[in-house]
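A.B. asks: Have a look at this prediction, sequence included:
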Amino acid sequence: MTTHLVWFRNDLRITDNRALYAACEDPHARVMAVFVATPKQWESHVMAPRQAAFIYQHLQALQVSLAERGIELFYHQCDDFAAGNLWLKDFCQRQNVDALFYNKQYEINERERDAALESALQGSVMTRSFDDSLLLPPGSVTTGEGTMYKVYTPFRRAFLERLTESDSRSLPAPKRRDIDGDLALHPLTPFDMAQQEIGEDFPVGEEAARERLRTFCRETVPDYLEQRDLPAVDGTSSLSPYLAIGVLSPRQCFNRLRTECPDVLERRDGGAFGWLNELVWREFYRHLLVAWPKLCKHRPFITWTDHLRWRHAPHDLQAWKEGKTGYPIVDAAMRQLNTTGWMHNRLRMIVASFLVKDLLIDWRQGERYFMSQLLDGDLAANNGGWQWGASTGTDAAPYFRIFNPTTQGERFDKAGRFIKAWVPELTDVPEKHIHQPHQWAEKLHRVLDYPAPVIDHSLARKETLAAFESAKRGSQPIG
């Protein structure tokens, strides 16, 4: 009997899983699954403890779903990718595996791991890999010269043209295998690393994720453009944690959106296209990661920005991390992140701009801290977002575009509903003063249990512009 092994990684679902589906196409094959946990490697990549817990919970759910279809999930824990490869090679030999099926990951360490394993298995085990976590594979959307786009808008135009010509259907879950009896569920050892409670905002399971997707596309998408920037409103999908670990696929998102909003590609001023645009941004950042591997190594895309002289300001950095900068919208956002592991996208832009453009602290400090906290931690999206905000990346915000944290708060949380939910020290501050509470307190001779601003925005803006202009001049050859 032929034996097929499915290697699960960041694709913890049975529905629309290309590797799993392909492994199960032969009804006579014995199909097994495996997951290799590498806690030391994850810690070196600064995986958030809460994301580790989210993965573990979904791994348990995956084990049950696979068992119901007659597929046993094997589990092994070791330190890093190299050790994992050694174990996998030995496992394939012991189980007489004929073919290994897996879905590709695009980060540089993961790509090197997969290439090394394929080389080690060559001649003994056939390997089949699939582009599963993207709507279109990296390298498939290029300029007329055959190169990767550096600017988002023309990439999106080409991407959508290609998408309409491609097969983006979602695959069904595999049918139950013909086995004798039911499979025993072996206990999965908890990961040997710190884990953290997730709370009730992100329930576990594929069905919970699909139900959230259905509800969002039916009820929220029509108002998406009007509400997505308002953190006090539940106006975004909140699906990123499920996409990050592969409980949902982007094809499921795209197809559900088309089902509920059939004119999504024609009505480009509507909420449905606005959300599709976010899915395309996700693709853009992953395609960039493959085209320019230096992004995986936290190098700036714009080379001259490496000449920036960042401030060494550990106290300011700590204030930013703890949500104690004295700027209410920044502090509320950081406290939301620290408590829930998730942050509204508009707020991600605001706090990134504040760290880099107000405090003049290296964007990589922020990128790293986000990864250590985010339930939806994803290298491509996180790096892309930070380099956009820091004006160091491809298609980045111009360096002279600097968010004013006070006016950003006034614009997107006018009444301070979000601020007061996360900064209870400001509960008694009237709405019209919530974004500059110390001015109000001074007039009334009140003492607030809330820190004064760590920096003056107008002065910081001038210093940041000077720093960027100096770096740019310094990178240019003389003569």
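C.D. replies: Cool, the structure landed. Note that the coordinates shown come from a computational prediction; the quantities given were computed from them, not determined experimentally.
A.B. asks: And the protein, what are its domain boundaries?
C.D. replies: What automatic domain parsing lists as the domains of the chain is 3-132, 133-168+207-291, 303-473.
A.B. asks: where does L73 land in three-state SS?
C.D. replies: At L73 the chain is in strand, as set by DSSP: H, G, I helix; E, B strand; the rest coil.
A.B. asks: Y285: what's it in contact with?
C.D. replies: Residues in contact with Y285 (CB atoms under 8 Å, 6 or more residues apart in numbering) are 380-381, 383-385. Every C-beta, even on glycine, is put in place using the N, C-alpha and C of the backbone.
A.B. asks: can you pull the contacts of T236?
C.D. replies: For T236, the contact set (CB under 8 Å, 6+ apart) comprises 220, 224, 228, 344-345.
A.B. asks: Produce a ChimeraX select command limited to the buried residues of those residues.
C.D. replies: Buried subset of these, written as a ChimeraX selection, criterion 16 or more other CB atoms under 10 Å:
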select :220,224,228,344
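A.B. asks: Among the contacts of T236, which lie within helices?
C.D. replies: Counting by DSSP state H, the contacts of T236 place 224, 345 in helices.
A.B. asks: what would the contacts of T236 look like in CSV with distance to M1?
C.D. replies: Putting those into CSV (distance: CB to CB, whole Å) gives the following:
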residue, distance to M1
T220, 48
Y224, 50
R228, 52
H344, 51
N345, 49
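A.B. asks: tell me which of the contacts of T236 is nearest to A291?
C.D. replies: Closest to A291 out of these is N345 (23.9 Å), distances taken as CB to CB.
A.B. asks: is it true that that closest one touches Q227?
C.D. replies: No: the pair N345 / Q227 is not scored as a contact, 12.0 Å apart, by CB atoms under 8 Å.
A.B. asks: out of the domains of the chain, nearest to M193?
C.D. replies: For M193, the closest of the domains of the chain is domain 3-132, at 3.9 Å, according to CB to CB.
A.B. asks: Please compute how far the closest one lies from its chain's middle.
C.D. replies: 20 Å (CA atoms, centre = their mean, to the nearest Å).
A.B. asks: Ok, stretch 298-312 next?
C.D. replies: Worked out by CA atoms, centre = their mean, stretch 298-312 lies 23 Å from the chain centre.
A.B. asks: Offset the numbering so it begins at 43, please.
C.D. replies: Understood, numbering begins at 43; the last thing we discussed is stretch 340-354.
A.B. asks: mind listing what's buried in that stretch?
C.D. replies: Neighbour-count burial for stretch 340-354 [16+ other CB under 10 Å]: 341-344, 347, 349-350, 353.
A.B. asks: Stretch 301-319 now?
C.D. replies: Using 16+ other CB under 10 Å as the test for burial, stretch 301-319 gives 302-303, 306, 312-318.
A.B. asks: send the alpha carbons of it over as CSV?
C.D. replies: Only the C-alpha atoms of stretch 301-319 are listed here, as CSV (Å, rounded to 0.1, in the frame of the first residue of the first chain):
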residue,chain,number,x,y,z
THR,A,301,-20.7,34.9,-2.9
GLU,A,302,-22.1,37.6,-0.7
CYS,A,303,-21.0,40.5,-3.0
PRO,A,304,-21.0,39.2,-6.6
ASP,A,305,-20.1,42.7,-8.0
VAL,A,306,-17.0,43.0,-5.8
LEU,A,307,-14.6,43.4,-8.8
GLU,A,308,-16.9,45.9,-10.6
ARG,A,309,-17.9,48.2,-7.8
ARG,A,310,-14.5,49.5,-6.8
ASP,A,311,-15.9,52.2,-4.6
GLY,A,312,-17.7,49.7,-2.3
GLY,A,313,-16.8,48.1,1.0
ALA,A,314,-16.4,44.7,-0.6
PHE,A,315,-13.6,45.9,-2.9
GLY,A,316,-12.1,47.9,0.0
TRP,A,317,-11.7,44.6,2.0
LEU,A,318,-10.4,42.7,-1.1
ASN,A,319,-7.8,45.5,-1.3
